[in-house]
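Chemist: Take a look and give me a structure for this.
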Amino acid sequence: MTITTHPKISSAPEIGSGIMYRDIPIGLRSRSTLWFLKLVLKPMMGFILRGNSSRIAKAQLQVASLTCPDSSGLPLNYDIVGNVPGHVIGSLDDTSRPVVLWLHGGSFLLPAAPNMHMVMVAKICKQLGADSFLPDYRLAPQAQFPAGLNDCESAYRALLELGYPASKIILGGDSAGGNLALGLLQRIRKAELTMPVCTIAVSPVTEMGRIHSPPSRPNLAKKDPLLPISALPRVAELYAGSWDTADPELSPLYMDCTGLPPIYFLTSNNEILMDDTVMLAQRMIKAGVNTTCQIWPTLPHAFPLFEAQLRESAHAREDITNFAQQQLDSAKS
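Modeler: This next block holds a predicted model:
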């Protein structure tokens, strides 16, 4: 692993301590997959995100109807934890085991994808000897901010009420779920609850009020193989509604970064949201938060979810797991 900067890619401040470039070769198979994503999945994403409520509802039902092809041998159930429904991987009966509270992405519009989110989280749980809860938080356009974040807060409180010590709770999220995880940290701090042992934020969206900023958005708009930047205002409209997008619970880029647990950021130098991650990581480092931020080459937004298609993503999952294990071990000592 080496540390480097990318002045041609981003005009964000110079990369410093804690922000590292993950130097790994990207194979031909993965590069071919990126072309498929750009030619097929990216336009499809734009079609869904720009659609009316009926089109979005149809996409929600299609995603929810998918099956999980590999739960790593762990039970997978849909249950209600506290007052929040969601997917339980493993069991929440043994509170001496670590638990992963994973907040799924999907542009605040789509539910957890069983063939992606649950596969990845199950593999993380298997390696950690952990269980997991993926709250099925309320989605736009049926429910706007802060409904989804309220559900995530309720899920965290429910785990504490079940008897999980915060030192056993790993908070994670990808994309929109990364946004929610950062919002949840602010809620936990405000309520003076004990912070989770660590947080993992994969390609989080941290700025909801501007399509043109941070800088990687216009700079990588054509290069990004997955995210259609022109659809971002529609996502903000459906999710935020008339809410002030400068609210740091909605745009965590502007959050108070003090008093947070160790955090691990993951992004790609090929996605429009790279600077959403890097700029917030820099702010956290300045605030004294134990921060690790990896910038991967070439791969798409939220690439750890694409392990079946992108072999290199397995290394990212290992990095995530190793980070979480280090924090669990540190909490024990």
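
Chemist: can you map out the strands along the stretch 201-333 of the chain?
Modeler: Counting by DSSP state E, counting those that start in this stretch, residue ranges of the strands within the stretch 201-333 of the chain are 263-268, 291-296.

Chemist: Report the backbone C-alpha coordinates of the last one in PDB.
Modeler: Extracted in PDB, the C-alpha atoms of strand 291-296 (Å, rounded to 0.1, in the frame of the first residue of the first chain):
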ATOM      1  CA  THR A 291      -9.600   7.800  10.500                       C
ATOM      2  CA  THR A 292      -8.500   5.500   7.700                       C
ATOM      3  CA  CYS A 293      -9.500   6.300   4.200                       C
ATOM      4  CA  GLN A 294      -8.600   4.000   1.200                       C
ATOM      5  CA  ILE A 295      -8.900   5.200  -2.400                       C
ATOM      6  CA  TRP A 296      -9.000   2.300  -4.800                       C
END
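
Chemist: That one - contacts with which helices or strands?
Modeler: Contact analysis of strand 291-296 by 3 or more CB pairs under 8 Å, 6 or more residues apart in numbering; DSSP states H and E lists strand 19-21, strand 263-268, helix 274-286, helix 313-332 as its packing neighbours. Using the backbone N, CA and C atoms, a C-beta is placed for each residue, glycine as well.

Chemist: want to throw those into TSV with mean neighbour count and distance to residue 207?
Modeler: Putting these into TSV (neighbours: other CB atoms under 10 Å; distance: least, CB to CB, whole Å) gives the following:
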stretch	mean neighbour count	distance to residue 207
strand 19-21	19	18
strand 263-268	26	14
helix 274-286	23	6
helix 313-332	17	23
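
Chemist: any chance of those in TSV, with mean pLDDT and distance to residue 97 too?
Modeler: Shown next, in TSV, are the helices and strands packed on strand 291-296 (pLDDT from 0 to 100; distance: least, CB to CB, whole Å):
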stretch	mean pLDDT	distance to residue 97
strand 19-21	91	30
strand 263-268	97	21
helix 274-286	97	28
helix 313-332	95	10
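
Chemist: Indicate which one of those is closest to residue 296.
Modeler: Nearest to residue 296 among the helices and strands packed on strand 291-296 is strand 263-268 (4.9 Å), distances taken as CB to CB.
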